[in-house]
Each structure stands twice: as C-alpha cells, then as structure tokens.
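here is my input, please return the structure:
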Amino acid sequence: MKLTVNGEPLEIEKPINVKELLVVAKAEQPEYVTVELNGEFVDHSGFESTLVKDGDTVEFLYFMGGGAR
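Numbers count the residues shown, from 1 in each chain. The predicted structure is shown next:
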C-alpha cells in the first residue's frame, strides 16, 4: 500500500489506522499532532477508527504557540 506522508512516499504492507500510522511514520510528539487525511482534519478521538488506505495523503501538523512581549 502506497501513501504520501508529509510529502514523502511511504509503503506499508496492510491497511492501518491513524494511531498506528503515527508510530510507523515516527511522528514527533504524537499526543500533540494534528492529522490531515486527504485534506480533512481527523479528530483525535477518531485516530483508532480512521483507516488509512492506498493512495491516501497524510500530513502531520504541529501548532506552536507564541507569546506577546
């Protein structure tokens, strides 16, 4: 199965869910990542129930907060 993860090709053997993909793709700080699957955001509560399929495009997004001076 071929995916695109953060703009890079990734091949995996079988369909997996988003939570498993975070491990396979070695996502940094998976507890804080926002996942976009084919242009749609996946809620954290749906990570285990959302399957990633052949040809999908996945982006791991990290939002950083800043302060005012």
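
three-state assignment of the nearest residue to residue 7 once chain neighbours are set aside?
Distances taken as C-beta to C-beta, 6 or more residues apart in numbering place residue 59 nearest to residue 7, at 7.9 Å, with adjacent residues excluded. Just so you know, the C-beta spots here come from the backbone N, C-alpha and C atoms, and that holds for glycine as well. Recorded secondary structure, residue 59: strand (DSSP: H, G, I helix; E, B strand; the rest coil).

from residue 42, how far out is residue 59?
10 Å (C-beta to C-beta, to the nearest Å).

now residue 62
Look at residue 62 and residue 42: by C-beta to C-beta, they are 15 Å apart.

kindly report the same for residue 63.
15 Å.

for residue 19, what are phi and psi?
phi -60, psi -40 (degrees, to the nearest 10).

burial of it, as a residue count?
15 (other C-beta atoms under 10 Å).

next: residue 53.
Neighbours of residue 53 (other C-beta under 10 Å): 11.

how much space between the residue lying closest to it once chain neighbours are set aside and residue 34?
Nearest non-adjacent residue to residue 53, counting by C-beta to C-beta, 6+ apart: residue 15, 6.2 Å away. Distance, residue 15 to residue 34, by C-beta to C-beta: 22 Å.

got it, and residue 27?
11 Å.

could you do residue 24 as well?
18 Å.

check residue 48 too.
When residue 48 is compared with residue 34 (using C-beta to C-beta), they lie 16 Å apart.

what of residue 45?
Relative to residue 34, and taking C-beta to C-beta, residue 45 is found at 13 Å.

before we move on, back to that, quick one: which of residue 62 and residue 42 has more around it?
A count of neighbours by other C-beta under 10 Å puts residue 42 above the other of residue 62 and residue 42, at 18 against 10.

what's opposite the residue lying closest to the more buried one once chain neighbours are set aside in the beta bridge?
For residue 42, ignoring the flanking residues on the chain, the nearest one in space by C-beta to C-beta, 6+ apart is residue 35 at 4.5 Å. Taking DSSP bridges, one obtains residue 42, residue 60 as the residues bridged to residue 35.
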